[in-house]
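Novice: Quick one, fold the following:
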Amino acid sequence: MTDPILVTGATGNTGAPVVAGLRERGLRARAASRHPDPADADAVVFDWSDDATFAPALTDVRAVYLVAPTGAADPVPMVRPFLEQATARGIRRVVLLSSSAVERGEPGLGEIHDLVAGLFAEATVLRPSWFMQNFVGDHPLARSIRETREIVTATGDGRLAFIDAADIAAVAVEALTAPEPVSEELVLTGPESLSYAEAAAIASEILGEPVRHVDVSTAELTQRLVAAGYPADFAGMLATLDERIRAGEQDFVTPAVRDVAGRTPTSLRHFLAEH
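Specialist: A predicted model of the protein is given here:
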């Protein structure tokens with residue numbers, strides 16, 4: 001089929017490898033972002049805060065990879081009109097990027113989960129654990145590692161199975177292209193559950209310098225995130241998610257990456273060594 005698959009957040013951690021994965025299969029991927037590559041004939045301008053960009057992005061597409069606007073504690077008012085336009089155009093398949101910590105119907109991503117599941121006949125919601133990419137690049141956690149050799153969280157001894165965004169993207173490509181929907185919902189994790197103290201020990205080995213985990217209160221973490229440039233309401237929401245890790249809610253591993261994408265999920269040690 002020649003109709004493109006729309007990929008929102010096309011320059012992001014998962015969007016970029018989703019675009020690449022689709023094109024490796026000889027499929028058209030309409031790469032939607034605020035600053036599209038002018039050399040990419042299938043790239044389009046897309047901005048969640050400008051609903052005039054919705055219709056051009058959705059024209060003639062057969063499926064959508066949906067990454068909600070980042071930095072918004074309540075993304076629903078921006079996303080709902082987009083989903084309504086997609087429904088009106090007869091689009092049936094939407095693959096949503098959500099979070100393992102957010103259940104269907106909960107505020108924010110959980111509400112979008114509910115909308116997507118209710119509006120589209122072939123909806124798949126991906127609920128990955130925390131990204132390994134947070135340890136590198138421009139994320140506050142990565143900056144803290146580089147600047148002070150500290151990982152600051154409000155997670156205590158709680159554990160979670162960090163996941164490589166490339167593994168999420170591989171599952172997304174399968175969900176977008178499979179003849180039949182792969183699942184209504186997939187919880188995605190890496191291969192092992194680790195505390196941030198254990199992650200710091202791995203980072204220490206890779207760097208050859210000590211990295212330590214600093215456990216703070218939810219309130220202090222919120223303040224740190226605000227200081228890093230996050231809006232106060234979004235910072236508070238992110239910090240509250242750490243409480244779920246502290247409570248043990250994220251201490252699990254699932255086989256979904258292997259089952260759906262047919263690949264062994266990347267370990268944190270391998271990811272950090274590579275990056």
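Novice: Now do the end-to-end distance for stretch 143-163.
Specialist: 19 Å (Cα to Cα, to the nearest Å).
Novice: sorry, that was for stretch 55-74
Specialist: 22 Å.
Novice: swap in stretch 170-186?
Specialist: With Cα to Cα as the measure, stretch 170-186 spans 13 Å from end to end.
Novice: what comes up buried for it?
Specialist: 170-177, 182-183, 185-186 (16 or more other Cβ atoms under 10 Å). C-beta: built from backbone N, CA, C; applies to glycine.
Novice: could you pull out the strands for this protein?
Specialist: Taking DSSP state E, the strands of the chain run over residues 5-8, 29-33, 43-45, 63-67, 93-97, 122-128, 150-153, 159-160, 185-188, 194-195, 212-215.
Novice: what residues are up against residue 96?
Specialist: Counting by Cβ atoms under 8 Å, 6 or more residues apart in numbering, residue 96 makes contact with 66, 68, 112-113, 116, 123-126.
Novice: try 6 Å this time
Specialist: Listed by Cβ atoms under 6 Å, 6 or more residues apart in numbering, the contact partners of residue 96 are 66, 116, 125.
Novice: who's the most centrally placed residue in the chain bridged to?
Specialist: The centroid of the chain falls nearest to residue 97 when counting by Cα atoms, centre = their mean (5.5 Å). Judged by DSSP bridges, the bridge partners of residue 97 are residue 67, residue 126.
Novice: follow-up on the earlier one: dump the contacts of residue 96 into JSON lines; add pLDDT, distance to residue 15 and neighbour count as well.
Specialist: Below are the contacts of residue 96 laid out as JSON lines (pLDDT from 0 to 100; distance: Cβ to Cβ, whole Å; neighbours: other Cβ atoms under 10 Å):
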{"residue": "66", "pLDDT": "98", "distance to residue 15": "10", "neighbour count": "25"}
{"residue": "116", "pLDDT": "98", "distance to residue 15": "17", "neighbour count": "23"}
{"residue": "125", "pLDDT": "98", "distance to residue 15": "16", "neighbour count": "26"}
